[in-house]
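Visitor: I'll drop the sequence and a predicted model, then ask my questions.
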Amino acid sequence: KNQVEQSPQSLIILEGKNCTLQCNYTVSPFSNLRWYKQDTGRGPVSLTIMTFSENTKSNGRYTATLDADTKQSSLHITASQLSDSASYICVVTSTGNQFYFGTGTSLTVIP
Amino acid sequence: NAGVTQTPKFQVLKTGQSMTLQCAQDMNHEYMSWYRQDPGMGLRLIHYSVGAGITDQGEVPNGYNVSRSTTEDFPLRLLSAAPSQTSVYFCASSSTKYLAVYNEQFFGPGTRLTVL
């Protein structure tokens, strides 16, 4: 069964600290993996997208990694800011253009 | 360029009432879709459209109707609201149905619906 699982469910960190969010998937055949940021009361906004051949992609303080062999991805946030408080959603697309959403990790950055 | 817009932002309905959630995009995108987002669950696809006059069902279509008379608009209709339809609804659009690397999906701000 094609699934996307994210961990942790929620995370609280101090401003300025780094954190890493995890995404494990069983989707096959794999096409690409996206990380979205969803602020409270808003729609998801794309942060990064990676294909099978890419293992790292950065967007400012956000760095996503992909290990297609183990079917794992991570999103690393460096020097967190209060504005990073949001839900982060991992979405995997199959080559058949089916897309599978994770349930998200809720990140809270406190001063 | 407003992107994807949705109205209303909030709505409370009584069981059995009907309503239409509005969605519009100004990016000339062919593909539009509706999702619902519930606590502890990922976004689930309700209906989608690959162009004006063409719609199809997603993962959870029961209780919802859609139509696509223009490229810009893709309304979602609840014919007889039920408490199980309490959710946050997102409309999204992209240039094509295929979420390849070059094709980004843009989401609207959402409509929070409560059915009593």
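Guide: Right, received. Where do you want to start? Numbers count the residues shown, from 1 in each chain, chains lettered A, B, ... in the order given.

Visitor: going forward, measure contacts between C-alpha atoms and count neighbours the same way
Guide: Noted.

Visitor: Where does the spatially most central residue of chain B sit: helix, strand or coil?
Guide: For chain B, the residue nearest the mean C-alpha position is residue B:34 (2.5 Å; CA atoms, centre = their mean). Secondary structure, DSSP: H, G, I helix; E, B strand; the rest coil: residue B:34 is strand.

Visitor: What residue, apart from its backbone neighbours, is nearest it spatially?
Guide: Nearest non-adjacent residue to residue B:34, counting by CA to CA, 6 or more residues apart in numbering or on different chains: residue B:91, 4.6 Å away.

Visitor: Likewise for residue A:89?
Guide: residue A:104 is the one closest to residue A:89 (CA to CA, 6+ apart), at 4.3 Å.

Visitor: got a pLDDT number for residue 99?
Guide: In the absence of a named chain, chain A is used. The per-residue pLDDT reported for residue A:99 equals 83.

Visitor: Can you look at chain B instead?
Guide: The predicted local confidence for residue B:99 is 60.

Visitor: What of the one 5 residues further on?
Guide: At residue B:104 the predicted local distance difference test score is 81.

Visitor: close to chain B, is the one helix or strand in chain A whose mean pLDDT sits lowest?
Guide: Using mean pLDDT, DSSP states H and E, the weakest-scoring helix or strand in chain A turns out to be strand A:99-101, at a mean of 89. Yes - against chain B, strand A:99-101 shows contacts by CA under 8 Å from any CA of the partner chain at residue A:101.

Visitor: So which other helices or strands are in contact with that strand?
Guide: strand A:86-94 (3 or more CA pairs under 8 Å, 6 or more residues apart in numbering or on different chains; DSSP states H and E).

Visitor: Please list the residues outside the strand it packs on that contact it.
Guide: A:4, A:6, A:23, A:25, A:27-40, A:44, A:99-108, B:99 (CA atoms under 8 Å, 6 or more residues apart in numbering or on different chains).

Visitor: Buried ones only from those residues, please, as a PyMOL command.
Guide: The following PyMOL line selects those of those that are buried, judged by 16 or more other CA atoms under 10 Å in any protein chain shown:
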select buried, (chain A and resi 4+6+23+25+27+30+31+32+33+34+35+36+37+38+39+44+99+100+101+102+103+104+105+106+107+108) or (chain B and resi 99)
